[in-house]
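*Asks:* No sequence on hand, only this structure:
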């Protein structure tokens, strides 16, 4: 009988138990898949959130990175651009195809295929990292670079790279490829302060980017990798080499044919010349820091409109360059009647030295400081016709002397000022008080310390060119304070955020005091130490020369323009032949002839009155032979040899004739009595003296311009009797090393 099957045989066989490692792998994969899903979800959420926060395309177009400042001259001409430079925005259709292709070929050849992040590029970058041991090849796409330039920074951190990738993906979702490329080419930095292809093209090639050649496009496209290394203006050879790489990439990627690549010749490109850093930068370096106190805008592009007149600036630059003696420096500040700075030169060459001597340097003004002495005297009640005795004087142990080494007795204030008599200035300072003179200087805008020693009346306190020029401008403005200013208005995003308002309410001295001071200043230019500054229209001004000719000054005004000129060495060493009446006065005249050419002639309130006839011009006038109205200075700014005294135009001798004390009275032309001529040793009688001629030499003598025999005293004084002019003028002594402040 068959046996029934046992229960064991009927039980199914159990499967092999699973390996614990297999279970772990499965679990890990499941976790990873879950994490990946979560990551993708989080990434998608982050991208969509970023997309929703992105500015619109139009907003991105109108928001350049960094603050740009464009400085305009008075006529609107852009004289300098600081900060980022942006050219014309070129829409996609106007960007040359060769420029688009060059950029894609060298920066992101799969630009049209990837979604904003290129996995192949990232993988290659990681591979190179392991091979080279450092990050040498980036994997950023054009979209990522755009996101970095617009929203992020260039820090090489993974956190920044992650945000960059998120923004790139979001931008690809929001904008088309053409829009992204348009933004990139108009905003990426190409070096030299140029942002965008149009700014780069104008900087390096001198024309807009809407008509670039293959070679030009290759040069610009090659700059993105390292703008400072491949800039044509910094390293032309490196720029050409990099352009060759770009052209090779374009050929390999099918953007150009081998023939087109062979025809391209980056080496034949002509670069646009770099703009010269001329004297305009002295002005802008002084003006732009004032923006910090005028406006609060720190990000928007600014258009700054200034007072600078380019024609006047060119004339000022030429005057300083041409007239300042070799080895010296010069400075010039020119103010309009309201304080607008029309020209400013801080040195001969801005590139060689950007030290602005017009607003920073402090130098002794010499006799130009007498402006404040006479202002104080006039305000105290003196009149230009008041008489004062020119005589030796000692004040607290200090004994000033005149440059002529003599004293002229009783003279008017007009005469003393015209010929810059030091003894008279000292007596006036003592009379009104040296503290009063110092207060007058501060009242008129001298910001440097002013000492109250007696010698201060001769200009021993240092001043800035711009300060003392504004003081003269305040006199020209009838005693109303003139404050120099450079910025007329500031605009940001098309809106005016600042406008300058001129303050005309600060009266420094009474109008009659300013008019009397102008009277004295006119005389100094017409017959005194500043005759080289005559320009064919009414001029009022004053020279200044310091000890041993270390500094030469001329400051004056005409037709609403006030200009101050200084010349000297930065190290303070003497300059042979440099006096206020020579090179500085000549430079002033050369500049002012251009500055006032298109302005109507303006008469001063007081007509010019000649000083007393009998006073010989001071030595400062002698040193500057242009003061005689005939000769000039040489190329070094030194005086030319004087003509023979008393010589008539035809070579005959002229006899001096004494003038009347009243300069307004007519002077008769009369033949002086001829003394009996003694016989010569050989027994031959001397020839009679020639008859008096009404010539230039006679005019020079009656206006006090004689170089060796001007009258010295009252006509009743025997010493002032008529005498024949010597055959030759005695050259003036050179008191360069012992000369007092003048």
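*Replies:* Received, thanks. Because the structure is a prediction, the values reported are computed rather than measured. Numbering: from 1, shown residues only.
*Asks:* Only C-alpha atoms from now on, for both contacts and neighbour counts.
*Replies:* Noted.
*Asks:* Would you state the helices of the stretch 451-600 of the chain in chain order?
*Replies:* 465-476, 511-526, 583-595 (DSSP state H, counting those that start in this stretch).
*Asks:* got TSV for the ones you listed, with mean neighbour count too?
*Replies:* Shown next, in TSV, are the helices of the stretch 451-600 of the chain (neighbours: other CA atoms under 10 Å):
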stretch	mean neighbour count
helix 465-476	28
helix 511-526	24
helix 583-595	27
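*Asks:* biggest helix in the chain by residues?
*Replies:* As assigned by DSSP state H, the longest helix anywhere in the chain is helix 20-53.
*Asks:* and that helix, what other elements does it pack with?
*Replies:* Contacts defined by 3 or more CA pairs under 8 Å, 6 or more residues apart in numbering; DSSP states H and E place helix 20-53 against helix 158-174.
*Asks:* Give me the below-cutoff pLDDT ranges for the stretch 601-742 of the chain.
*Replies:* 610-742 (pLDDT under 70).
*Asks:* Repeat the analysis, applying 80 as the threshold.
*Replies:* Applying pLDDT under 80 to the stretch 601-742 of the chain flags the ranges 607-742.
*Asks:* residue contacts, the residue nearest to the spatial centre of the chain?
*Replies:* The chain has residue 282 as the residue nearest its centroid, 1.9 Å off, counting by CA atoms, centre = their mean. Applying CA atoms under 8 Å, 6 or more residues apart in numbering, one finds that residue 282 lies in contact with 344-346, 350, 354, 356.
*Asks:* So which of those is the closest to residue 261?
*Replies:* Nearest to residue 261 among these is residue 350, at 43.4 Å by CA to CA.
*Asks:* That closest one: helix or strand, and which one exactly?
*Replies:* Secondary-structure assignment from DSSP states H and E places residue 350 in no helical or strand segment.
*Asks:* quick one: contacts for it?
*Replies:* Contacts of residue 350 (CA under 8 Å, 6+ apart): 277-279, 281-282.
*Asks:* hmm, back to that, to residue 311, which of the helices of the stretch 451-600 of the chain lies closest?
*Replies:* Taking those one by one with CA to CA, helix 583-595 is closest: 7.9 Å.
*Asks:* Can you give the distance of the closest one from its chain's centre?
*Replies:* In terms of CA atoms, centre = their mean, to the nearest Å, the centre of helix 583-595 is found 18 Å from the chain centre.
*Asks:* Show the secondary-structure elements that it is packed against.
*Replies:* By 3+ CA pairs under 8 Å, 6+ apart, helix 583-595 packs against helix 310-323, strand 551-558, strand 561-568.
*Asks:* Let's see that with 6 Å instead.
*Replies:* helix 310-323, strand 551-558 (3 or more CA pairs under 6 Å, 6 or more residues apart in numbering; DSSP states H and E).
*Asks:* Need the mean per-residue confidence for the longest one.
*Replies:* Here the mean pLDDT over helix 310-323 is 96, rounded to a whole number.
*Asks:* Dump the contacts of residue 350 into JSON lines; add distance to residue 369 as well.
*Replies:* Formatted as JSON lines, the contacts of residue 350 follow (distance: CA to CA, whole Å):
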{"residue": "277", "distance to residue 369": "34"}
{"residue": "278", "distance to residue 369": "31"}
{"residue": "279", "distance to residue 369": "27"}
{"residue": "281", "distance to residue 369": "29"}
{"residue": "282", "distance to residue 369": "25"}
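*Asks:* wait, residue 87 sits on residue 198?
*Replies:* Yes: using CA atoms under 6 Å, residue 87 is in contact with residue 198, at 4.9 Å.
*Asks:* Which one's more surrounded, these two?
*Replies:* Neighbours were counted for residue 87 and for residue 198 using other CA atoms under 10 Å; residue 198 has more, 27 against 19.
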